[in-house]
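J.: Structure of the sequence below:
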Amino acid sequence: MDGKTILGGVLICTLCFTGILAPTTTQNIAEAESDYMITYELPPNPEKYLFSKRQEISIANPQPIPFGLRPYSSTDYINDMHVNIDEFQTSKKGFLWNVYHFIGILPPAYPTDVNMEDLDRKIDNVGDFSDERVKLRKARAQIEMNARLQPLVQAGYVMPNEIDDGIATKEFVATVLYRMFGKTRPYHGGIDLKDSENVSVRWAVEVGVPGFVVNKEKYIDPQTLLTMNLDPQTILSMSPGPEPYVDSSTYGDLFYFITLIMPGKKTDSGWEYYQVELNESMLSDYAAQFIQLNGDPYLSYRNYALHGTAEYKNAARSIRDWMIPRFPQILDQARKDAMKPRVWDWSRDLIHHPKFAKQVAAYRKNKSSKNVDAVYHAVREHYNLTIRQDSPAIIKSVLDNVK
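T.: Numbering: from 1, shown residues only. So this is what the prediction gives:
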């Protein structure tokens with residue numbers, strides 16, 4: 001099937017019935033007295049919505065567990081060290097632990113002069129609340145952490161002097177990721193943050209790595225924790241939206257993003273794409289983004305009492321039936337877009353860009369919808385547009401108002 005047809009069409013369906021609508025997010029919809037209408041609308045750019053939050057995804061070509069790695073999880077480490085899970089997730093060492101497991105093929109670096117099984121037995125034989133047990137558990141945790149950190153150092157993804165007990169700031173996270181993926185997905189340039197000239201940070205914004213939310217003044221606060229945006233429509237967007245907030249789950253979201261969108265599978269010869277397969281959870285999450293309740297996004301109500309109704313299920317089923325045969329092409333388009341530069345300054349990146357001079361001149365001469373579409377398709381082909389930017393109406397507004 002022609003990709004332009006798939007990605008260019010808009011499907012709208014309405015399922016109307018007399019029912020009930022919650023006037024607040026805390027009142028059960030089934031107890032309110034009103035009429036409601038369920039609709040759904042599939043956008044012309046479905047690939048932009050492919051990653052909007054953490055999702056369960058199925059991998060056809062997963063990485064094996066690194067040879068020689070003991071069955072010791074991050075939960076075991078958290079328990080041994082008596083640290084808070086959020087503190088672990090947002091710490092440098094916690095982030096690097098997750099990087100190590102994400103890569104999946106680096107052999108661990110256990111010390112040769114320590115028998116880990118003996119250490120396990122010593123811990124089991126010591127009183128539960130004794131100081132000795134606490135000391136031994138922390139020693140085990142530190143050995144397990146170092147066994148994962150050293151391979152990352154040897155691979156050149158992190159420097160020894162960068163590893164401490166501090167937080168994993170945006171700049172730290174971006175630096176590690178850029179060392180991993182910068183050659184596979186180079187930085188194009190043009191992300192002119194007002195508070196960071198760091199190439200790694202600008203690269204992360206350009207790629208759309210979760211957690212690198214730029215505010216409307218084009219500041220990112222590179223020495224702070226990763227942030228997320230309350231508005232799902234502005235995720236991966238550099239356009240103004242609600243003020244970002246800190247959420248430790250963002251540190252997990254970025255690995256889902258890399259798995260789904262980036263060439264995130266480490267091999268002996270470099271990085272390649274994971275083979276992602278649709279599953280029930282991913283289909284449900286994707287469908288929910290396009291269902292509306294009385295013309296507003298259903299998810300914004302934060303009240304899911306209609307999930308079990310036939311009307312909601314029919315809408316979700318229609319979206320799923322539409323998506324299943326198109327998923328490979330939607331995923332391919334999202335991955336291609338992630339390799340493109342971003343629009344940061346419309347004047348520089350469109351109006352005065354020599355690549356679009358012919359189309360811009362044609363529009364200003366005739367100002368027809370055909371000319372708008374020509375500019376739009378040229379821009380869309382070259383740039384990875386955000387959800388807010390990706391429409392002919394926005395391009396027309398830019399052509400008419402930006403000098």
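J.: Residue 403 is in contact with residue 352, isn't it?
T.: No - with contact defined as Cβ atoms under 8 Å, residue 403 does not reach residue 352; the gap is 9.1 Å. Just so you know, the C-beta spots here come from the backbone N, C-alpha and C atoms, and that holds for glycine as well.
J.: more neighbours, those two?
T.: Set residue 403 next to residue 352 and count neighbours by other Cβ atoms under 10 Å: residue 352 wins out with 14 against 6.
J.: Quick check: which ranges of this protein have low pLDDT?
T.: 1-34, 52-56, 229-245, 302-303 (pLDDT under 70).
J.: a strand runs through residue 134, doesn't it?
T.: No - judged by DSSP: H, G, I helix; E, B strand; the rest coil, residue 134 forms no part of a strand; its state is helix.
J.: what's the burial count for the residue nearest to it when sequence neighbours are not counted?
T.: Distances taken as Cβ to Cβ, 6 or more residues apart in numbering put residue 82 closest to residue 134, at 7.8 Å, once the chain neighbours are dropped. Residues near residue 82, counting by other Cβ under 10 Å, number 10.
J.: And the one 5 residues further on, by the same measure?
T.: A count of neighbours around residue 87, defined by other Cβ under 10 Å, yields 14.
J.: So for it, what's the nearest residue that isn't a sequence neighbour?
T.: For residue 87, ignoring the flanking residues on the chain, the nearest one in space by Cβ to Cβ, 6+ apart is residue 94 at 7.7 Å.
J.: That neighbour against residue 74, yeah?
T.: Yes - contact criterion Cβ under 8 Å: residue 94 and residue 74 qualify, at 7.4 Å.
J.: which one of the two has more residues nearby?
T.: More neighbours surround residue 94 than the other of residue 94 and residue 74, with 23 against 17 (other Cβ under 10 Å).
J.: So that one: helix, strand or coil?
T.: Put simply, residue 94 is helix when judged by three-state DSSP.
J.: In the stretch 151-300 of the chain, what residue spans correspond to strands?
T.: With DSSP state E, counting those that start in this stretch as the definition, the stretch 151-300 of the chain shows strands at residue ranges 227-228, 245-246, 265-267, 270-272, 276-277, 291-293, 296-297.
J.: Looking at the ones you listed, spot the one closest to residue 155.
T.: Closest to residue 155 of these is strand 265-267 (Cβ to Cβ; 9.2 Å).
J.: what sits up against that closest one?
T.: If you take Cβ atoms under 8 Å, 6 or more residues apart in numbering as the criterion, strand 265-267 is touched by 61, 63, 103, 104, 105, 271, 272, 273, 274.
J.: Any buried residues in that strand, and which?
T.: By 16 or more other Cβ atoms under 10 Å, the buried positions in strand 265-267 come out as 265, 266.
J.: One more: stretch 141-154?
T.: Result for stretch 141-154 [16+ other Cβ under 10 Å]: buried residues 141, 143, 144, 145, 146, 147, 148, 149, 150, 151, 152, 153.
J.: got a list of what the spatially closest residue to residue 61 that is not a sequence neighbour touches?
T.: Closest residue in space to residue 61, ignoring its immediate chain neighbours: residue 275 at 4.7 Å, by Cβ to Cβ, 6+ apart. Counting by Cβ under 8 Å, 6+ apart, residue 275 touches 59, 60, 61.
J.: Redo the residues you listed as TSV? Include secondary structure, neighbour count and distance to residue 163.
T.: Compiled in TSV, the contacts of residue 275 are given as follows (DSSP: H, G, I helix; E, B strand; the rest coil; neighbours: other Cβ atoms under 10 Å; distance: Cβ to Cβ, whole Å):
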residue	secondary structure	neighbour count	distance to residue 163
59	strand	13	29
60	coil	8	34
61	coil	11	31
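J.: Using a markdown table, lay out those together with distance to residue 326.
T.: As requested, those are exported to a markdown table (distance: Cβ to Cβ, whole Å):
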| residue | distance to residue 326 |
| --- | --- |
| 59 | 20 |
| 60 | 18 |
| 61 | 22 |
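J.: now, among those residues, which is nearest to residue 393?
T.: Distance to residue 393 across these (Cβ to Cβ) is lowest for residue 59, with 37.7 Å.
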